[in-house]
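> Predicted model, plus sequence, below.
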Amino acid sequence: MMKVSRLFRHPLKSHGREDLKTVYLAEGQAMPFDRLWAVAHDHARADGSEWAPCQNFSIGAKAPKLVAIDAVLDEKTEEITLRHPERPEITLHPERDAARLLEWVAPLVPQNRALPHRVFRLDRRGFTDTEFPSVSLCNTASHAEVEDLAGEALSPLRWRGNIWFEGASPWAEFEWINRDVKIGGAVLRVAERIERCLATTANPRTGERDVDTLKLLQTMGHRDFGIYARVVQSGTVSVGDSLELT
C-alpha cells in the first residue's frame, strides 16, 4: 500500500524547508504557505504582482549555500525562523523585515552574480516552480535508486518535494501523468514530471555541491525526479495517509 511518509513546505522560496505532520490542500491552490514569499534579485524583471519564473529569484541553482537553510513558520504571526550553519539564527517577517532578511542572506549568495534585492509575496498560489499552482510528489523508492547510483546515502531534502510517499515501485510516478491520485482527503491530478536543476547537487546540510545528481539522472536518459500535480478536490493530507490512483 502506498502512503505518505513526509510532508514539507517552503515558506520562502529556496530559503529553507519545514517538516509538517498534516496540511489542508485547497482546490486550485498550492500547498498553504509554500513559496508564499520569494527573494527577487537586482536584475529581476518581475514586480511581484503575478507569478514569475525562477530566473527572477535568488535560488539554490545559482547560490548553493541557500540549500542549507532550515525554516520554521509561525502561521499566526507569519514570522519565519531561519537557520543556517554559517549564519546566526534569525526570526523575522519576510515583508516587514525585508531589510533584515536581505542582510542575513547576503553572505550566502555569490557576490559576482545578481544579488538579493526585494521580497515578493503571492497569495493563494505562491511562487511555485510551475506556471500553475502546483504540489510536488516524490517517491522514496526512486530516491533509493538515485542513492544506489551515487553509491552513498543522499538527503531527500535535495529534491525540495512537498509530499513524499512510499510503497510504490521506483519511477512508477512517471506513469501517473494525467491521472488522479487520492491522498488522504484530497485528490490531485498529476500534470508533469519535474526536470531538475543544479540546486539538487548541493548538500542540504552544508550548502556545498558534492554530488552530481543531474549526471546520475542522465544515466537513465532524463533529468527528472518527482512529479507536479494540481489539487482538484480539497482535503486534509497527513503523514501516514494512503495514496490511491483513481
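Everything's here; your move. Not measured: the values here are computed from a predicted model.
> Only C-alpha atoms from now on, for both contacts and neighbour counts.
Noted.
> Now for N112, how many residues are close by?
Residues within reach of N112, counting by other Cα atoms under 10 Å, total 6.
> so which strand or helix has it?
Using DSSP states H and E, N112 sits in no helix or strand.
> check contacts around it.
By Cα atoms under 8 Å, 6 or more residues apart in numbering, the contact list for N112 is empty.
> Roughly how far does it sit from A63?
The spacing between N112 and A63, counted by Cα to Cα, to the nearest Å, is 11 Å.
> Nearest the geometric middle of this protein, what residue?
R160 (3.5 Å; Cα atoms, centre = their mean).
> what's the spacing between that residue and R96?
26 Å.
> Please apply the same query to R179.
R179 is 41 Å from R96, by Cα to Cα.
> how long is stretch 23-33 from one end to the other?
Start-to-end, stretch 23-33 (Cα to Cα) is 10 Å.
> for stretch 169-180, same thing?
Stretch 169-180: ends 18 Å apart by Cα to Cα.
> Let me see the residues that make contact with that stretch.
The contact list for stretch 169-180 (Cα under 8 Å, 6+ apart) reads 139-143, 145, 187-193, 226-227, 245-246.
> What's the mean pLDDT across that stretch?
Taken as a whole, stretch 169-180 has a mean pLDDT of 98.
> in it, what's buried?
By 16 or more other Cα atoms under 10 Å, the buried positions in stretch 169-180 come out as 170-171, 173, 176, 180.
> Dump these into TSV; add distance to L101 and secondary structure as well.
Below are the buried residues of stretch 169-180 laid out as TSV (distance: Cα to Cα, whole Å; DSSP: H, G, I helix; E, B strand; the rest coil):
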residue	distance to L101	secondary structure
P170	39	coil
W171	38	coil
E173	37	helix
W176	39	helix
D180	39	strand
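> okay, E50: pLDDT?
97.
> which non-adjacent residue is nearest it?
L122 (6.9 Å; Cα to Cα, 6 or more residues apart in numbering).
> Kindly report the same for V119.
Going by Cα to Cα, 6+ apart, V119 has V39 as its nearest residue, at 4.6 Å.
> Wait, a helix at that neighbour?
No - V39: not assigned to a helix; according to DSSP: H, G, I helix; E, B strand; the rest coil it is strand.
> what's near enough to touch it?
12-13, 57-58, 116-120.
> Tell me how this structure divides into domains.
Domains of the chain are assigned by automatic domain parsing as 3-29+130-245, 37-121.
> just checking, what packs against the lengthiest helix in the chain?
The single longest helix within the chain, with elements called by DSSP state H, is helix 140-150. The contact analysis (3 or more Cα pairs under 8 Å, 6 or more residues apart in numbering; DSSP states H and E) places helix 140-150 against strand 163-166, helix 213-218.
> export those to a markdown table and tack on mean neighbour count?
Converted to a markdown table, those look like this (neighbours: other Cα atoms under 10 Å):
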| stretch | mean neighbour count |
| --- | --- |
| strand 163-166 | 21 |
| helix 213-218 | 17 |
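> any chance of the ones you listed in JSON lines, plus mean pLDDT and distance to T130?
Formatted as JSON lines, the helices and strands packed on helix 140-150 follow (pLDDT from 0 to 100; distance: least, Cα to Cα, whole Å):
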{"stretch": "strand 163-166", "mean pLDDT": "98", "distance to T130": "16"}
{"stretch": "helix 213-218", "mean pLDDT": "98", "distance to T130": "19"}
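> still on that earlier bit, residue contacts, the residue nearest to E50?
36-37, 48-51.
> and what of V181?
187-190, 243-246.
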